[in-house]
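>>> Please work out how this folds:
(one chain, ligands or ions: 1)
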Amino acid sequence: MEVIIRPDEQSAARLVGGIIAKELHARPQLVLGLATGGTMEKVYDELARHHREEKLDFSLCRTFNLDEYIGLAPDDPRSYRAYMNRQLFGRVNIDPRNTHLPDGMARDLSAECRHYEHLIHDCGGIDVQLLGIGRSGHIGFNEPLSALRSRTREKALAPTTIEQNAIYFDNDPAKVPKRAITMGVGTILEAHRCVVLVTGKAKADIVAKAVEGPITAMVTASVLQLHPRCTVVVDEAAASKLQGTDYYRWIFENEPEWAEFRR
Ligand code: GLP
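Here you go, the predicted structure:
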């Protein structure tokens, strides 16, 4: 795992957008794992900018989102499908047929979960998985005590998550769906590369637990410590409870891989 600290939210998102743009340039058929949430909006702005200004080509790119609420139709503006159409798919030249999210309206939800796993497998697996961390420590909707080898499945949302996501549901926790389909922790760990973005003071405690705490199902993001190629990008505010910041900064300054991103 590497931790990169950027001065603010904007430069953290710019770095993450830059990493993904570079991967997509190098491999136009990239299989990209995508995340939702407020933090990711700036990354999608960056990717739209790369497309606009540098003709970053999404025409062969295939995408798989981490999760979707159960019971929300794709055209419901609060669904993650609608979020993705707004934030990214409608702003770049991606073929909508190459974009995948679990179907939260499927009649047979467990069949849908199995189908989603097969689709990922048939595309050859995920090359780069973009991730945020929820306040419960979740990745995707893998709430505390999710099995660390879990696959795509239905999951009940933790009260903290319902509270955090209520802002998208008229600030009314009662309106937030109680269940979701999410890629499993095991599914996420199979991605060839993971890029995690976490910003803001409210996430400082959970980032410190995920990065420097023990690997535990109570903080599913901590399992990323096992991933062979995981980059965690944080802003100063989210980094404020980390112990090892001098070391992380030293690595970022000295690893040749990051030279082009230091500007
Ligand atoms: C949702 C998503 C997660 C995401 C989290 C963070 O719960 N299921 O994948 O990481 O939101 O959201 P935010 O960026 O709004 O803090």
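>>> what residues does the stretch 151-263 of the chain put near the ligand?
By C-beta under 6 Å from any ligand atom, the residues of the stretch 151-263 of the chain that approach the ligand are 161, 165. Every C-beta, even on glycine, is put in place using the N, C-alpha and C of the backbone.
>>> can you confirm Val234 is in a helix?
No. Applying DSSP: H, G, I helix; E, B strand; the rest coil, one finds Val234 to be strand, outside a helix.
>>> List the residues that contact it.
Val234 makes contact with 3-6, 12, 197-199, 207, 242, according to C-beta atoms under 8 Å, 6 or more residues apart in numbering.
>>> Swap in 7 Å and give it another go.
3, 5, 12, 198-199, 207 (C-beta atoms under 7 Å, 6 or more residues apart in numbering).
>>> quick one: it and Val176, what's the gap?
26 Å (C-beta to C-beta, to the nearest Å).
>>> Kindly report the same for Thr152.
As for Thr152, its distance to Val176 is 21 Å (criterion: C-beta to C-beta).
>>> ok, the two, which is more surrounded?
Thr152 (27 against 19; other C-beta atoms under 10 Å).
>>> From Trp250, how far out is the more buried one?
38 Å.
>>> possible to save the contacts of Val234 as TSV with pLDDT and secondary structure?
Below are the contacts of Val234 laid out as TSV (pLDDT from 0 to 100; DSSP: H, G, I helix; E, B strand; the rest coil):
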residue	pLDDT	secondary structure
Val3	98	strand
Ile5	98	strand
Ala12	98	helix
Val198	98	strand
Thr199	98	coil
Val207	98	helix
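>>> Next, format those residues as CSV and append distance to Ser110.
Shown next, in CSV, are the contacts of Val234 (distance: C-beta to C-beta, whole Å):
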residue, distance to Ser110
Val3, 37
Ile5, 41
Ala12, 37
Val198, 31
Thr199, 35
Val207, 33
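>>> What is the neighbour count of the nearest residue to Ser79 once chain neighbours are set aside?
Leaving out its chain neighbours, the residue that sits closest to Ser79 by C-beta to C-beta, 6 or more residues apart in numbering is Leu72, at 4.0 Å. Look at Leu72: counted by other C-beta under 10 Å, it has 18 neighbours.
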